[in-house]
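A predicted structure for the sequence below; I have some questions about it.
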Amino acid sequence: MERTCLAIILAAGESTRMKSAMSKVLHPVAGRAMISHVVDALASASISDVALVVGRDAEAVAAAANTGDVAVTALLQKERLGTAHAVLAAREAIAKGYDDILVVFGDTPLITAAPLEAARDGLAAGNDVVVIGFQAADPTGYGRLIVEGDALVAIREHRDASEEERRITYCNGGLMAIDGRKALDLLDRVGNTNAKGEYYLTDLVEIVRSLGGRAIAVEAPEEELTGCNTRAELAYIERLWQQRRRHELMLAGVSMVAPETVFLSWDTALAQDVLVEPNVVFGPGVRVESGAIIHAFSHLEGAHVRAGAAVGPFARLRTGADLGANSKVGNFCEVKKAEIGAGAKVSHLTYIGDAFVGAGTNIGAGTITCNYDGVDKHVTRIGANAFIGSNSALVAPVSIGDGALIASGSVITEDVPADAVAFGRARQEVKPGRAPILRERYKAEKLARKIAKAAE
Ligand code: UD1
Ligand code: CA
């Protein structure tokens, strides 16, 4: 029979080292709160009973933890007395009787299903406590794993460690699996005689051994267990996340010319045969279909780019931009809440917002949909195969029919029917021989001003 499991996420810490007005677990990694990444990892390990221990910013942390597929129950740790004390905030849930209790930290957002499963496998193999460890490039600050043969004999917190122990690079990743039938008894035995005066979860190792039980450590890659205590670590975690995700996408058939310059969001969906040029930023909610090209220096968020479309260089797609198959949005164009039809071209220096652009339509350089009257937003509708001359202002609400032609420099304030030509500007006036006369007049006026100034 499958073993039951309760995961407990600890996220009640003060985040002192983060120096922030909000709990560190709310800080985003790839545009999503750190805590949500941890919940996602639990979901991907098929763990559905999840308790969350909150303290600082309790409501916001609980809300962020509940944005995924798993329902997370928030429990309040009233005083921050250490990681073992925090786990006991879930006393009632633990008492329901699970095979496995899995403790994870809200500040290790790079965790994946693999070490969670490895920890549970360790319990299934008959151990009472299983700790996920990693070889730290720099172990400063982490608890050190003291191992003898196959057994984990103790975890020594950095502050409590001797010089010799501090040289150990095998560290506690903070992920611990505990035999569910023994968990409460073990946790109740933890004391607080240590450098910080806290109830350390890590003491369970020595406690379980003193009772004749078994503890082991299982090694996982350092990357997955990197903890976030400071802003510098937050930036490091972001970098690792980005590297990992770019790599996955490239293996799935996405081309990136300079992957280290491409920034993704947690939900960026790029299909096979998408090409991403250097220096592209994907905000949340972007989906790009097969064969599309995102040229250099483009910024996309909340956008859907359909098959074969081209974006940029230097394009900005904002929320609700929906680019049809083989359409083009070129340099210095911004598109917001607008559908661009299949094969339509918006090539240069244009703003299209709150609009529908039909298939095959060409939008000339410098066209602006004037969607805002200072109070409300209004919609511009442009039909299929229309032509909008350069530097036109389309003052919404306004509609332009299929096949219509708008003269360049037009200000269009009234609907234009299909196949019509509209000149939304004054006719050009030409006065032959007039330029030299005007020029002489301007010179005389300039001289007069100079004389007047000297006389002041
Ligand atoms: C902890 C571990 C250390 C490990 C490291 C890995 C202990 C005693 N130490 O140290 O061995 O190498 O993580 O990153 O477990 N929290 C609460 N309530 C509390 C205290 C902490 O909810 O009273 C939460 C924090 O929000 C955080 C997690 O527990 O998510 C870990 O706390 P933190 O203070 O970051 O522990 P470290 O000193 O990093
Ligand atoms: Ca930590």
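Arrived safely. Numbering: from 1, shown residues only. Ligands and ions are numbered 1, 2, ... in the order given.

didn't Gly227 look like it was pressed against Val104?
No - contact criterion C-beta atoms under 8 Å: Gly227 and Val104 do not qualify, at 11.2 Å. Placement of C-beta: from N, CA and C, glycine included.

which of these two has more neighbours?
Val104 (27 against 20; other C-beta atoms under 10 Å).

Determine whether any part of the helix or strand hosting the more buried one lies close to ligand 2.
Under the criterion of DSSP states H and E, Val104 resides in strand 100-105. No - counting by C-beta under 5 Å from the ion, ligand 2 has no neighbours in strand 100-105; the shortest distance is 6.1 Å.

So which elements touch that strand?
strand 5-11, helix 34-44, helix 113-124, strand 170-179 (3 or more C-beta pairs under 8 Å, 6 or more residues apart in numbering; DSSP states H and E).

what do you get if the cut-off is 7 Å, keeping everything else the same?
Judged by 3 or more C-beta pairs under 7 Å, 6 or more residues apart in numbering; DSSP states H and E, strand 100-105 is in contact with strand 5-11, helix 113-124, strand 170-179.

Pipe those into JSON lines and attach mean pLDDT per row.
JSON lines is the format used below for the helices and strands packed on strand 100-105 (pLDDT from 0 to 100):
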{"stretch": "strand 5-11", "mean pLDDT": "98"}
{"stretch": "helix 113-124", "mean pLDDT": "98"}
{"stretch": "strand 170-179", "mean pLDDT": "97"}
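
Nearest to ligand 2, out of these?
Among the helices and strands packed on strand 100-105, strand 170-179 comes nearest to ligand 2, with 6.5 Å by C-beta to the ion.

State the next helix or strand along the chain beyond that closest one.
helix 183-188.

May I have the helix or strand following that next one exported as CSV, CA atoms only?
Per DSSP H and E, the first helix or strand lying C-terminal to helix 183-188 is helix 204-210. The C-alpha trace of helix 204-210 is given here as CSV (Å, rounded to 0.1, in the frame of the first residue of the first chain):
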residue,chain,number,x,y,z
LEU,A,204,16.2,15.0,16.1
VAL,A,205,19.2,13.2,14.7
GLU,A,206,21.0,12.7,18.1
ILE,A,207,17.7,12.2,19.9
VAL,A,208,16.5,9.4,17.7
ARG,A,209,19.9,7.7,17.9
SER,A,210,19.9,7.9,21.7
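
Okay, buried residues for helix 204-210 please.
204-209 (16 or more other C-beta atoms under 10 Å).

Measure how buried Arg231 is and give me the count.
14.

Nearest spatial neighbour of it, chain-adjacent residues omitted?
In space, Arg231 comes closest to Met18 once its chain neighbours are excluded; the distance is 6.6 Å by C-beta to C-beta, 6 or more residues apart in numbering.

Kindly provide the distance from that neighbour to ligand 1.
10 Å (C-beta to the nearest ligand atom, to the nearest Å).

swap in Asn172?
Taking C-beta to the nearest ligand atom, one finds Asn172 at 4 Å from ligand 1.

In space, what's closest to that residue - neighbours in sequence excluded?
Counting by C-beta to C-beta, 6+ apart, Asn172 lies nearest to Gly143, which is 3.8 Å off, once chain neighbours are set aside.
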